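Q: Kindly return the folded structure for what I paste below:
(one chain, ligands or ions: 1)
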Amino acid sequence: MNSLCVYCGSSPGTDPGFMEEARIAGGLLAKAGITLVYGGGRVGLMGAVADAALAAGGRVVGVMPADLVSQEIAHTGLSDLHVVNSMHERKWKMAELADGFLCLPGGPGTFEEIFEQWTWALLGFHAKPCGFVNLGGYYDLLRGTIQQMADKGFIAQQYVDMLIYADTTAEALERFEAYVPPPPKWGVAPVEQRY
Ligand code: AMP
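A: Residues are numbered from 1 along each chain as shown. As a prediction, this is how the structure comes out:
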C-alpha cells in the first residue's frame, strides 16, 4: 500500500482519544512511507492526522473544492493540494489517488465518503480495502445497521464481511495489507479505476 485515504471528522469530537488516535495515525503513515490522501482541511481530526504525518516527515496530499479553499479552511503546509471544482470531483480524485479507505470517527461527510467507496468496492469498480478504526465503539451502531442490511436481504454477507473494523490504526493498516477483495456483486471482474 503506497497511499491511504483517511476520512474523519472536520471537528475534533468530544473524546480526547479521537484527536490522540488521529495524531497516531498520521505518525504511523509517515513511518510506513504511506502517502496520506485526505480532504485537505486544517480543522478537526483531519487537520490532526495531516499535521502529525507532516511532522513525522510523511507525504500528505489534500483534495479540496475551490469554494472550501477560499473559506480558508485548507491546510497550507501540505506536500500537494489538489484544488478541484466540486465535491464529486474531490471524492473521485481522493479515490483515484488512494490504495485504501480508512475512517476514523467523523460526521456525515465521513460516512458519505466511506459508503461511496464501499459501494464501488462491492461492485468491483475497484479492489481496495475499506474500514474503520472503531475507537471507543464509535462505529458499533453503524456496524449493526450494516449487518441488518444482510439480515434483511439487501446485501450478501460477504459484502458486510469485506469491511474491516479495527481497534487501532496500526491494526487497521496490518489488515488492509492482507485484504482480499470479494467477487464483485454482478460477477464483473474487478477493473482498476472503472469509476
Ligand atoms: P464530517 O465527517 O462531516 O466532519 O466531514 C469530514 C469529511 O468530509 C472529511 O473526510 C473530508 O474529506 C470531508 N469534509 C467535510 N468538511 C470538510 C472541510 N471543511 N474541509 C475539508 N474536508 C471536509
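
Q: looking at this structure, which helix or strand does the model trust least?
A: Considering only helices and strands, the least confidently modelled element of the chain by mean pLDDT, DSSP states H and E is helix 66-70, at a mean of 85.

Q: Can you point out the buried residues in the helix or strand following it?
A: Following the chain from helix 66-70 toward its C-terminal end, the next helix or strand by DSSP states H and E is strand 80-84. Neighbour counts over strand 80-84 (16 or more other C-beta atoms under 10 Å) mark 81, 82, 83, 84 as buried. Bear in mind the C-beta positions are built from the backbone N, C-alpha and C, glycine included.

Q: my read: the first one touches residue 74, true?
A: Yes: taking C-beta atoms under 8 Å as the definition, residue 81 is a contact partner of residue 74 at 6.3 Å.

Q: anything in contact with each of the two?
A: Between them, residue 81 and residue 74 share these contacting residues under C-beta atoms under 8 Å, 6 or more residues apart in numbering: 40, 62, 64.

Q: near the ligand, which residues of this structure show up?
A: Listed as neighbours of the ligand in the chain under the rule C-beta under 6 Å from any ligand atom: 7-11, 39-41, 46, 64, 68, 73, 106-110, 113.

Q: Mark which of these are part of helices, please.
A: 46, 68, 108, 109, 110, 113 (DSSP state H).

Q: nearest to residue 126, of these?
A: The shortest gap between residue 126 and any of those belongs to residue 113, at 13.9 Å (C-beta to C-beta).

Q: How about that closest one: what's its closest non-neighbour residue?
A: Take residue 113 and drop its neighbours on the chain: the residue closest to it by C-beta to C-beta, 6 or more residues apart in numbering is residue 7, 4.4 Å away.

Q: What of residue 18?
A: Distances taken as C-beta to C-beta, 6+ apart place residue 105 nearest to residue 18, at 5.1 Å, with adjacent residues excluded.

Q: contacting residues for the one you found?
A: Residues in contact with residue 105, defined by C-beta under 8 Å, 6+ apart, are 8, 9, 13, 15, 18, 45, 133, 135, 138, 139.

Q: Now with 10 Å, please.
A: Residue 105 sits next to 8-9, 11-15, 17-19, 21-22, 45, 132-136, 138-139 when contact means C-beta atoms under 10 Å, 6 or more residues apart in numbering.

Q: Which pLDDT does the model give it?
A: Each residue has a pLDDT score; the one for residue 105 is 98.

Q: Next, it: phi, psi?
A: Backbone torsions for residue 105, taken as degrees, to the nearest 10, come to phi -50, psi 150.

Q: Low-confidence stretches in this structure?
A: 72, 188-195 (pLDDT under 70).

Q: what sits against residue 54?
A: Neighbouring residues of residue 54 by C-beta under 10 Å, 6+ apart: 26, 30, 36, 60, 75, 77, 78, 79.

Q: ok so, going back, out of the buried residues of strand 80-84, what pair is the most spread apart?
A: Largest separation among those by C-beta to C-beta: 81 and 84, giving 10.1 Å.
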